[in-house]
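J.: Sequence and predicted model, in that order:
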Amino acid sequence: MSQLALVIDLNVCVGCHACVTNCKEWNTSGSAGALSDDHPYGKDPTGTFFNRVQTYEIGKFPKTETLHFPKSCLHCEDPPCVPVCPTGASYKREEDGIVLVDYDKCIGCRYCSWACPYGAREIDEHQKVMKKCTLCVDRIYDESLPEDERKPACVLACPTSARIFGDVHDPDSEVSVAIREQGGYQLMPEWGTKPSNHYLPRHKNHVSYHKDELERADNPLKKEDYQVDASEPSLDDVTSW
Amino acid sequence: MQPAFSVIFLTTLIGMGQGLFLAIYTEQVYSVLNVVQTNSSDRFYGIASGVALVLLILGLIASIFHLGRPERAWRAAAMWRTSWLSREVIILPIVMGLVFLFGIVHFMSWNPVIMTFGQVEVRLSLIIGAFATLATFSLYIATGMIYACLKFLQEWHSPLTVINYLLLGSVSGFTMASVVAAYWQPKLVSFFVGWSIVMLVFAFISRGASLIRNKRLRPKSTVQTAIGVRHNQIKQKSMGFMGGSMNTRDFFHGKTLFFLRSIKTIFLVLVFAVPLVLLIVALFKPTLTVLLPAIVSMYLGLIAERWYFFAEGNHPQNIYYQSIA
């Protein structure tokens, strides 16, 4: 059984919001209808989005770091939003583990949004149904697209390749290897929802040198205690022209 | 959470309707067993069931305003295996149907004796009432569990939530029964008032217990677990958008701590203190002038109580929506 998911590399995300805009563009143009916006150019713009990029400041000045943090539905392996749905509109697909909402069955009671600890669901205020990230289910299986474009819109948009898409149940997939080798982690593990999306932590490259690596122990000048007389032209001064 | 008035009216109205039915059925059982000598009339049972039914219907109407797509509401009966909301949707009409049957059997005097145990006559209404009682209790449990089953809403995730829905609904129903009795069957008032006082005390204990419990709660989710960074000082600088979204509208009550505390005091006074005094007075002076203010105060208080219940729920998603920039 496969479980499609995103792995988001926080080490390279630059917070450019390209994934947000491409997600909105693709998903507002699909057969399910627009993702409604209200007064997008007015005083209080609001609208339905599947993906957001947030920014956090870690530490206290001057020792601060900025973390850009994209957040969308995590397609939990044990999704708390699914069993609470009274109509069965919220469901998890057997074949690829994508958590979806059937917009024709949803009654807009908002109970599933209460049951999601991550705030991943947003109601469409015009269609009056609950919406959420579909992992671009209408794109990833579309055989009319070239094979390398059969990926979620956010993944294709990311300029730094901070988003990797694949099957986290396949141990040899790019996502599984990344999670395993780079310490991929899940959000709010305390609720046992087992999110499929993982995040790769930020890391810095530290190089440590030992003192002898900075000073050549076998420096021939030191060995022979050879003193350079700076007042006289050296061999280098003579030959370098 | 942002309290939704549709849900506040739904839960308080059906709670009172269910409680009113339980009150008259309790009285019927007592009089059948000859514990109380009342000779209560079928007309009273019929009228009181009618009032209960009206309350249940008003609650159902209120709930429609919570739905985005009420024309599809029938679909909500589908997932009773997993969803408490679905179970509530199924049980509510069953309760309404049984309360209607119970009332009509009394009102039209279609109430034959089905069997007798010694001196005790078991009439048709007693059997319908037994099923209706079972359904009523199931409905209280379903309503309470809708909130209590959400484990990360720690303020709600407790058996006290279900007990509070049961006791607060029952006490408002018993008080309502004493109002109906004061008008139609004054002899029964002291019975209902007596029970109301007992239940009010129990409801106060359990509601108080949940207030104390919730005050001592420590949130399991923190910004550290939310974004997975181990550092004591993490501050959100941007939630990713500057306008609002559902996440900022539905999950924050947006009121001051002072407002919240005031609502708590108001509901404690209106639900418990004022009705308790009036009910005790009604034991000696069982008139509508005493009981009407009691039920009005209690119902207004219950609206405040339910508002506070929802506002108190602190959803972990709020951690992700702390700063606009």
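T.: Ah, there it is. Residues are numbered from 1 along each chain as shown, chains lettered A, B, ... in the order given.
J.: and the residue in the stretch 1-150 of chain B positioned nearest to chain A, helix, strand or coil?
T.: Nearest residue of the stretch 1-150 of chain B to chain A (CB to the nearest CB) works out as residue B:68 at 2.1 Å. Backbone N, C-alpha and C define where each C-beta goes, glycine included. Under DSSP: H, G, I helix; E, B strand; the rest coil, the three-state class of residue B:68 is coil.
J.: what are the phi and psi angles of residue A:70?
T.: Residue A:70 adopts backbone torsions of phi -80, psi 140, taken as degrees, to the nearest 10.
J.: In three-state terms, label the residue lying closest to it once chain neighbours are set aside for me.
T.: On the basis of CB to CB, 6 or more residues apart in numbering or on different chains, the spatially nearest residue to residue A:70 that is not a chain neighbour turns out to be residue A:53, at 4.7 Å. Following three-state DSSP, residue A:53 is assigned to strand.
J.: returning to that earlier point: tell me the pLDDT at the closest residue to the residue of the stretch 1-150 of chain B closest to chain A other than its chain neighbours?
T.: Counting by CB to CB, 6+ apart, the nearest residue to residue B:68 once its immediate chain neighbours are dropped is residue A:108, at 2.1 Å. Per-residue confidence (pLDDT) for residue A:108: 96.
J.: Kindly report the same for the one 3 residues further on.
T.: At residue A:111, the predicted lDDT confidence score is 97.
J.: distance of residue A:155 from residue A:5?
T.: 11 Å (CB to CB, to the nearest Å).
J.: actually residue B:28, sorry about that
T.: Taking CB to CB, one finds residue B:28 at 59 Å from residue A:5.
J.: Between the two, which is the more surrounded one?
T.: Between residue B:28 and residue A:5, residue A:5 has the larger neighbour count (other CB atoms under 10 Å in any protein chain shown), namely 28 against 19.
J.: Export the helix or strand in which the more buried one is found to CSV, keeping only CA atoms.
T.: Per DSSP states H and E, residue A:5 falls inside strand A:4-9. This file holds the C-alpha atoms of strand A:4-9, laid out as CSV (Å, rounded to 0.1, in the frame of the first residue of the first chain):
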residue,chain,number,x,y,z
LEU,A,4,2.0,9.6,-1.2
ALA,A,5,3.4,12.6,0.8
LEU,A,6,5.5,15.7,0.6
VAL,A,7,8.9,16.1,2.4
ILE,A,8,9.7,19.7,3.0
ASP,A,9,13.3,20.6,3.5
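J.: Around chain A, which positions in the stretch 51-200 of chain B sit nearby?
T.: Neighbours of chain A within the stretch 51-200 of chain B, by CB under 8 Å from any CB of the partner chain: B:66-70, B:72-73, B:75-79, B:82-86, B:89, B:146, B:149-153.
J.: Give me the buried entries from these.
T.: If you count burial by 16 or more other CB atoms under 10 Å in any protein chain shown, the buried members of those come out as B:66-69, B:72-73, B:75-76, B:78-79, B:83-86, B:89, B:146, B:149-153.
J.: quick one: contacts of the strand holding residue A:5?
T.: For strand A:4-9, the external contacting residues (CB atoms under 8 Å, 6 or more residues apart in numbering or on different chains) are A:70, A:72, A:74-75, A:96-98, A:135, A:140, A:152, A:154-155, A:161-168, A:175, A:178-179, A:182, A:184, A:196-200.
J.: Kindly give a single ChimeraX line that selects the buried subset of these.
T.: Buried subset of the contacts of strand A:4-9, written as a ChimeraX selection, criterion 16+ other CB under 10 Å:
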select /A:70,72,74,75,96,97,98,135,140,152,154,155,162,163,164,165,166,167,168,175,178,179,184,196,197,198,199,200
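J.: so where do the helices sit in chain A?
T.: With DSSP state H as the criterion, chain A has helices at A:18-28, A:81-84, A:111-114, A:137-140, A:153-157, A:174-181, A:211-214, A:220-223, A:235-239.
J.: Reformat those helices as CSV; add distance to chain B.
T.: CSV is the format used below for the helices of chain A (distance: least, CB to the nearest CB, whole Å):
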stretch, distance to chain B
helix A:18-28, 7
helix A:81-84, 4
helix A:111-114, 5
helix A:137-140, 22
helix A:153-157, 13
helix A:174-181, 13
helix A:211-214, 31
helix A:220-223, 46
helix A:235-239, 51
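J.: Any chance of a markdown table for the ones you listed, columns distance to residue B:223?
T.: Listed next are the helices of chain A as a markdown table, based on distance: least, CB to CB, whole Å:
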| stretch | distance to residue B:223 |
| --- | --- |
| helix A:18-28 | 21 |
| helix A:81-84 | 22 |
| helix A:111-114 | 20 |
| helix A:137-140 | 31 |
| helix A:153-157 | 24 |
| helix A:174-181 | 22 |
| helix A:211-214 | 40 |
| helix A:220-223 | 55 |
| helix A:235-239 | 59 |
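J.: Quick check: strands, which of the contacts of strand A:4-9 are part of them?
T.: Among these, the members found in strands (DSSP state E) are A:70, A:72, A:163, A:164, A:165, A:166, A:167, A:198, A:199, A:200.
J.: which two from those residues end up farthest apart in space?
T.: A:70 and A:167 (20.0 Å; CB to CB).
J.: Next one: the residue nearest to residue B:68 from residue A:125, what distance?
T.: 10 Å.
J.: Neighbour count: the two, which is higher?
T.: Using other CB under 10 Å, the more surrounded residue of residue A:108 and residue A:125 is residue A:108, with 21 against 17.
J.: so which residue of chain A comes closest to chain B?
T.: residue A:108 (2.1 Å).
J.: That residue contacts residue B:67, correct?
T.: Yes - contact criterion CB atoms under 8 Å: residue A:108 and residue B:67 qualify, at 5.6 Å.
J.: So for the helix or strand hosting residue B:52, what gets flagged as buried?
T.: If you go by DSSP H and E, residue B:52 is part of helix B:42-64. By neighbour count on 16+ other CB under 10 Å, the buried set for helix B:42-64 is B:42, B:44-53, B:55-56, B:58-60, B:62-63.
J.: now stretch B:233-242
T.: Neighbour-count burial for stretch B:233-242 [16+ other CB under 10 Å]: B:234, B:236, B:238, B:239, B:240, B:241.
J.: need the contact list for the third one.
T.: Looking back up the chat, that one is residue B:238. A:54, A:55, B:323, B:324, B:325.
J.: and it, how far is that from residue B:246?
T.: 18 Å.
J.: Quick check on residue B:161: phi, psi?
T.: Torsion angles, degrees, to the nearest 10, at residue B:161: phi -60, psi -50.
J.: What count of nearby residues applies to it?
T.: Residue B:161 has 23 nearby residues by other CB under 10 Å.
J.: Looks like it contacts residue B:147 (just checking).
T.: Yes - when contacts are counted by CB under 8 Å, residue B:161 is listed as touching residue B:147 (5.4 Å).
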